[in-house]
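[1] here is a sequence with its predicted model. Questions after.
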Amino acid sequence: MSLEIVILAAGQGTRMRSALPKVLHPVAGNSMLGHVIHSARQLQPQRIHVVIGHGADAVRERLAADDLNFVLQDQQLGTGHAVAQAVPFITADTVLILYGDVPLIEVETLQRLLTHVAPQQLGLLTVELDDPTGYGRIVRDAAGKVTAIVEQKDANEAERAITEGNTGILAVPVERLGDWMSRLSNNNAQGEYYLTDVIAMAVSDGLVVATEQPHDAMEVQGANDRKQLAELERHYQLRAGRRLMAQGVTLRDPARFDVRGEVTVGRDVLIDINVILEGRVVIEDDVEIGPNCVIKDSTLRKGVVVKANSHIDGAILGEGSDAGPFARLRPGTVLEARAHVGNFVELKNARLGEGAKAGHLTYLGDAEIGARSNIGAGTITCNYDGANKWKTVLGEDVFIGSNNSLVAPVDISAGATTAAGSTITTNVDKSQLAVARARQKNIDGWKRPEKIKKA
């Protein structure tokens with residue numbers, strides 16, 4: 001069975017009260033439409049058609065890819081009209097119709113739905129709801145077979161009492177779809193062409209409408225306003241948390257934890273509250289992450305400890321290393337095994353060798369720090385001259401005194417020491433002591449300035 005997917009993403013989303021097209025509003029750091037496209041790709045279709053309308057240029061620019069065919073719906077005349085715009089481009093046997101504002105749909109649910117498609121049968125995803133207000137109702141006959149879908153505004157009292165709602169997601173044989181689209185009518189309360197009318201047509205043509213349901217009703221929840229968007233966000237995060245806990249992660253509080261990307265975890269990982277994981281994050285066994293940390297596009301090797309309020313971005317933390325509290329590791333940072341970065345230390349494009357230490361109040365940029373070297377408090381590398389970046393290189397077992405300025409390019413060889421308060425501008429040879437500060441002068445009888453009294 002060959003498959004193509006149509007994603008409806010043309011709506012304006014007026015209740016969002018935003019200049020941003022509705023489907024580009026984010027859930028877990030990715031647009032709602034981006035989530036749907038990600039799920040669609042996992043089904044390995046021949047092609048994905050995205051029907052766009054409001055904010056079409058912005059949607060196309062944000063999500064353009066070789067496997068996406070953007071189809072413009074100039075006028076938003078209903079879901080049936082939207083699908084009809086994509087029909088001329090479809091060549092597969094089966095088409096699956098999804099929605100760009102329904103980001104939590106599970107691939108496994110869609111796979112089950114697709115098993116129902118046959119030349120004389122289509123698959124419809126429905127959902128049982130305690131309160132189906134706003135949903136089209138699934139109408140069945142005495143034998144339990146689906147006969148039609150009635151939109152709420154067109155439903156009578158008996159039909160509104162039905163609790164089985166239409167999700168709008170369906171999979172149909174393509175050879176039937178073109179004919180059904182040509183027969184759609186806008187003779188309804190909204191004056192729109194409803195995709196749901198296809199169900200009655202299919203029944204009239206003798207097809208079976210086979211239904212499937214998601215395991216979790218939130219899978220098919222859309223977002224029409226900011227409140228619903230927030231509900232989707234929290235449900236996504238709770239679901240992500242459950243998956244991580246099943247893999248051996250302890251979350252101090254799953255309700256105060258966010259994933260905004262792809263996370264790979266080992267066993268016996270401990271994550272405290274208010275931690276955000278962004279982009280591609282790899283966390284190996286026995287890692288501990290303290291509260292209020294942001295970890296982005298980084299790798300934390302076995303036994304790493306990241307203490308409270310630290311920000312790790314584009315960094316690799318080697319086995320048994322630690323950082324924080326209040327550490328900032330910027331892109332290009334590498335901590336080798338058992339390296340230590342303390343509070344209020346910032347590293348950028350810097351490598352801290354095995355067992356090296358930068359305990360506090362330090363900036364190291366464009367630097368190579370040898371194994372077991374110690375960086376004193378208040379040290380900075382002066383790596384930028386206003387036009388170019390320059391490198392600072394420290395050998396093994398170097399001791400940098402407190403309040404040092406290392407003016408790059410500079411090379412401090414193994415075993416060397418720099419005195420506290422020094423500004424190092426030239427290379428220091430192996431095992432030398434470098435002192436680069438003004439000589440102290442004590443003045444007897446010094447009178448402090450006095451504040452001038454105002455007249």
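    It's in. No experiment lies behind these values; they were computed from the predicted model shown.
[2] what about P103, distance to N30?
    8 Å (Cβ to Cβ, to the nearest Å). Heads up, the C-betas are built off the backbone N, CA and C, glycines and all.
[3] before we move on, what about I400?
    43 Å.
[4] around E192, count how many other residues there are.
    By the measure other Cβ atoms under 10 Å, the count of residues near E192 is 17.
[5] nearest residue to it in space, please, no chain neighbours.
    Leaving aside its chain neighbours, E192 sits nearest to G78 (3.1 Å; criterion: Cβ to Cβ, 6 or more residues apart in numbering).
[6] now the one you found: how far from G29?
    Between G78 and G29 the distance is 32 Å, computed by Cβ to Cβ.
[7] these two: who's more crowded?
    The residue with more neighbours, out of G78 and G29, is G78; 21 against 17, by other Cβ under 10 Å.
[8] domains for the protein, by residue range?
    What the TED database lists as the domains of the chain is 3-220, 226-434.
[9] just how off-centre is the last one within its chain?
    Spelled out, that is domain 226-434. 21 Å (Cα atoms, centre = their mean, to the nearest Å).
[10] cool, stretch 171-182 as well?
    For stretch 171-182, the distance to the chain centre is 35 Å (Cα atoms, centre = their mean).
[11] can you show me the helices along the stretch 1-150 of the chain?
    For the stretch 1-150 of the chain, the helices defined by DSSP state H, counting those that start in this stretch occupy 32-42, 56-63, 79-86, 107-114.
[12] so which bits of stretch 149-163 are buried?
    Neighbour counts over stretch 149-163 (16 or more other Cβ atoms under 10 Å) mark 149-151, 155, 159, 162 as buried.
[13] contacts for that stretch next, please.
    128-130, 132-139, 166, 188-190, 194, 196-197, 199-200 (Cβ atoms under 8 Å, 6 or more residues apart in numbering).
[14] so who does the residue nearest to E192 touch?
    186, 190, 192-195.
[15] and it, how far from V146?
    For G78 relative to V146 (Cβ to Cβ), the value is 21 Å.
[16] list the contacts of R137.
    Neighbours of R137 in contact, by Cβ under 8 Å, 6+ apart: 149-150, 152, 155, 159-160, 162, 164-166.
[17] looking at those residues, which has the smallest pLDDT value?
    Within the contacts of R137, Q152 has the lowest pLDDT, namely 88.
[18] from K145, how far out is it?
    From Q152 across to K145, the span is 22 Å (Cβ to Cβ).
[19] give the rounded mean pLDDT of stretch 306-314.
    98.
[20] just the C-alpha atoms of it, please, in CSV.
    Extracted C-alpha coordinates of stretch 306-314, given in CSV (Å, rounded to 0.1, in the frame of the first residue of the first chain):
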residue,chain,number,x,y,z
VAL,A,306,25.3,19.8,37.1
LYS,A,307,24.4,21.9,40.1
ALA,A,308,21.6,24.4,40.5
ASN,A,309,20.9,27.3,38.2
SER,A,310,23.4,26.3,35.5
HIS,A,311,23.1,26.9,31.8
ILE,A,312,24.8,24.3,29.5
ASP,A,313,24.6,25.0,25.8
GLY,A,314,26.5,23.2,23.1
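[21] element containing G303, please.
    Per DSSP states H and E: G303 is located in neither a helix nor a strand.
[22] D313 reaches V281, doesn't it?
    No: using Cβ atoms under 8 Å, D313 is not in contact with V281, being 10.6 Å away.
[23] which one's more surrounded, the two?
    The neighbour comparison of D313 against V281 (other Cβ under 10 Å) goes to V281, with 21 against 18.
[24] S321: how many residues sit nearby?
    S321: 25 surrounding residues under other Cβ under 10 Å.
[25] check contacts around the residue lying closest to it once chain neighbours are set aside.
    Nearest non-adjacent residue to S321, counting by Cβ to Cβ, 6+ apart: L335, 4.1 Å away. Each residue near L335 by Cβ under 8 Å, 6+ apart is listed here: 315-318, 321, 323, 329, 341, 352.
[26] returning to that earlier point: looking at P103 and N30, which is more packed in?
    Between P103 and N30, counted using other Cβ under 10 Å, P103 has the larger neighbour count: 29 against 16.
[27] so what's the more buried one closest to, chain neighbours aside?
    Using Cβ to Cβ, 6+ apart, the closest residue to P103 is H35 (3.6 Å).
[28] shaky segments in the chain?
    Nowhere does the chain drop to pLDDT under 70.
[29] was I right about N166 contacting I138?
    Yes: using Cβ under 8 Å, N166 is in contact with I138, at 6.0 Å.
[30] out of the helices of the stretch 1-150 of the chain, which is the most enclosed?
    Ranked by mean neighbour count under mean count of other Cβ atoms under 10 Å, the helices of the stretch 1-150 of the chain are led by helix 79-86, which reaches a mean of 23.
[31] now do that one: which elements does it pack against?
    With contacts taken as 3 or more Cβ pairs under 8 Å, 6 or more residues apart in numbering; DSSP states H and E, helix 79-86 sits against strand 3-9, strand 47-52, strand 68-72, helix 174-182.
[32] tell me how far it lies from the chain's centre.
    For helix 79-86, the separation from the chain centroid amounts to 30 Å (computed by Cα atoms, centre = their mean).
[33] and it with helix 174-182, angle?
    Calculated by axes from the mean of the first three to the mean of the last three Cα atoms, to 10 degrees, helix 79-86 forms an angle of 120 degrees with helix 174-182.
[34] C-alpha coordinates for helix 79-86, PDB please?
    Provided in PDB are the C-alpha atoms of helix 79-86 (Å, rounded to 0.1, in the frame of the first residue of the first chain):
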ATOM      1  CA  THR A  79     -12.000  21.300   5.500                       C
ATOM      2  CA  GLY A  80     -13.500  19.600   2.400                       C
ATOM      3  CA  HIS A  81     -12.400  22.500   0.200                       C
ATOM      4  CA  ALA A  82      -8.900  22.300   1.700                       C
ATOM      5  CA  VAL A  83      -8.500  18.600   0.900                       C
ATOM      6  CA  ALA A  84      -9.800  19.200  -2.600                       C
ATOM      7  CA  GLN A  85      -6.800  21.600  -3.300                       C
ATOM      8  CA  ALA A  86      -4.400  18.700  -2.600                       C
END
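[35] what's in contact with that helix?
    So helix 79-86 is contacted by 6, 8, 10, 49, 51, 53, 69, 71-73, 75-76, 97, 168, 177, 181, 184, 192-198 (Cβ under 8 Å, 6+ apart).
[36] one more pass at 7 Å, please.
    Helix 79-86 has contacts (Cβ atoms under 7 Å, 6 or more residues apart in numbering) with 6, 8, 10, 49, 51, 71, 73, 97, 168, 181, 184, 193-195, 197.
[37] then stretch 370-381?
    353-367, 369, 392, 394-406, 408, 414, 420.
[38] which strand residues bridge E212?
    Using DSSP bridges, the beta-bridge partners of E212 come out as L125.
[39] that one touches T115, doesn't it?
    No: here E212 lies out of contact with T115, judged by Cβ atoms under 7 Å, at a distance of 8.3 Å.
[40] coming back round to it: redo the domains of the chain as JSON lines? Include distance to W446.
    Listed next are these as JSON lines, based on distance: least, Cβ to Cβ, whole Å:
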{"stretch": "domain 3-220", "distance to W446": "59"}
{"stretch": "domain 226-434", "distance to W446": "21"}
